[in-house]
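Asker: Just to be clear, the model below is a prediction. Sequence and coordinates:
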Amino acid sequence: MLYIIRHGKTDWNVLHKLQGRTDIPLNDEGRRMAETAREEYRNVHFDICFCSPLVRARETAEILLRDRNIPIVADDRLMEMSFGSYEGTENSFQIPDCPINQLFYAPDQYTSPPGGAESLDDLFARTGDFLRERVDPLLAEGKDVLIVGHGAMNSSIVCQVRHLPRAQFWSAGIENCKLMILP
């Protein structure tokens with residue numbers, strides 16, 4: 001079985017800042033969320049955990065799996081989507097014509113703006129490679145795999161596993177520290 005979970009909250013989540021690949025740690029609330037998830041999902045079996053190398057995902061994985069003998073393997077392909085020069089932008093929805101907002105309002109029409117932002121094609125390519133190379137063989141062996149990641153990155157995995165069109169990119173509603181099963 002494949003499971004995914006998004007990291008706990010950060011100060012930038014609270015401030016409604018675009019994080020992307022900016023390496024922001026969990027805040028106290030985020031750590032409490034991970035502790036709550038640890039208790040809630042204590043009896044869910046995982047053979048292995050893959051996580052983003054960003055500290056907010058890594059710390060969430062470590063808290064969630066503390067005292068369990070489950071390997072945690074970081075993989076760069078699980079980093080959050082890059083928002084390039086827009087990372088750190090606060091309340092982008094209040095900025096008229098902010099090009100990153102198209103990702104949230106009409107993901108099927110999103111084109112990455114200049115300034116180093118990642119395209120959905122690139123995001124889907126790297127997470128698709130990860131699924132094919134690392135996850136699919138384990139699932140074929142009957143293993144239970146956990147991925148600890150981020151909102152957009154996890155959404156790309158959901159779309160690929162469930163064969164959803166990009167227009168439904170955000171349809172799964174990736175909440176912080178809520179486990180999702182992807183059959």
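Answerer: Cool, the structure landed.
Asker: Helix, strand, or coil at residue 81?
Answerer: Residue 81 carries the three-state label coil when classified by DSSP: H, G, I helix; E, B strand; the rest coil.
Asker: so what's it up against?
Answerer: Applying CB atoms under 8 Å, 6 or more residues apart in numbering to residue 81 gives the contacts 20-21, 118, 123, 150, 152-153, 156. For the C-beta atoms, the positions are set from N, CA and C on the backbone; glycine is no exception.
Asker: now residue 14
Answerer: Residue 14 touches 27, 29, counting by CB under 8 Å, 6+ apart.
Asker: Same question for residue 37.
Answerer: So residue 37 contacts 5, 8, 60, 63-64, 177-179 (CB under 8 Å, 6+ apart).
Asker: any idea which of those has the most stuff around it?
Answerer: residue 64 (31 neighbours; other CB atoms under 10 Å).
Asker: Cross-check the contact I'm expecting between it and residue 148.
Answerer: Yes: using CB atoms under 8 Å, residue 64 makes contact with residue 148 at a distance of 7.0 Å.
Asker: hmm, back to that, mind checking which of the contacts of residue 37 land in helices?
Answerer: Judged by DSSP state H, the contacts of residue 37 include 60, 63-64 as members of helices.
Asker: Residue 113: which of the residues you listed is nearest?
Answerer: Checking the ones in helices among the contacts of residue 37 against residue 113 by CB to CB gives residue 60 as the nearest, at 29.1 Å.
Asker: and the closest residue to the closest one other than its chain neighbours, how many neighbours?
Answerer: In this structure, residue 60 finds its nearest non-sequential neighbour in residue 7, 4.3 Å apart by CB to CB, 6 or more residues apart in numbering. A total of 32 residues lie near residue 7 under the criterion other CB under 10 Å.
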